[in-house]
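Chemist: show me how the following folds:
(one chain, ligands or ions: 1)
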Amino acid sequence: MLFKVEMTVNIPSSLPAAQAEEIKAKEKAYSQQLQREGKWLHIWRVVGQYANVSLFDVKDNQELHEILTGLPLFPYMEISVQPLCQHPSSIYVEKQ
Ligand SMILES: O=C(O)CC1=CCC(=O)O1
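Modeler: Numbering: from 1, shown residues only. Take a look at the predicted model:
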């Protein structure tokens, strides 16, 4: 199942900088592992914001939920999820 996910990060200024950097490094490793596994298809920075737009290809809602709640930055994120399906004009065949 394909999902568009928007993540906006809001790290409180009260969090010590070293701790924030440690969480960001864990976040990078976590997301890159999921990219290598083919579950996190794309990640783009939203221009001018500490936010990203990502595409996920996962088995079901439960798997996406587990991935998102496992993000090291999850406690500092606002997340919105939109399920996607084939557009009738698309020339690409999506795997089922
Ligand atoms: O910087 C972000 O947009 C938050 C984030 C999600 C995965 C990652 O590596 O960083």
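
Chemist: now do the same contact list for the most centrally placed residue in the chain.
Modeler: In the chain, the centroid-proximal residue (C-alpha atoms, centre = their mean) is Ser54; its distance is 5.1 Å. Taking C-beta atoms under 8 Å, 6 or more residues apart in numbering as the criterion, Ser54 is in contact with 4-7, 40-44. Every C-beta, even on glycine, is put in place using the N, C-alpha and C of the backbone.

Chemist: which phi and psi values does it adopt?
Modeler: With angles defined as degrees, to the nearest 10, Ser54 sits at phi -130, psi 150.

Chemist: if it is in a bridge, with which residues?
Modeler: Bridge pairing for Ser54 (DSSP bridges) gives the partners Val5, Ile43.

Chemist: contacts for the longest helix anywhere in the chain?
Modeler: When the chain is parsed with DSSP state H, its longest helix is helix 17-36. Applying C-beta under 8 Å, 6+ apart, the contact partners of helix 17-36 are 11, 40-41, 43, 67, 70-73, 76.

Chemist: find me the pLDDT at the residue nearest to the centre of the chain, would you?
Modeler: At Ser54, the pLDDT value in this model is 98.

Chemist: filter the contacts of helix 17-36 by proximity to the ligand?
Modeler: Leu73 (C-beta under 6 Å from any ligand atom).

Chemist: farthest-separated two in the contacts of helix 17-36?
Modeler: With distances taken as C-beta to C-beta, the most widely separated pair in the contacts of helix 17-36 is Ile11 and Leu41, at 25.5 Å.

Chemist: top of the contacts of Ser54 by neighbour count?
Modeler: Met7 (23 neighbours; other C-beta atoms under 10 Å).

Chemist: contacts only, for that residue.
Modeler: 51-52, 54, 71, 73, 77-79 are the contacts of Met7 under C-beta under 8 Å, 6+ apart.
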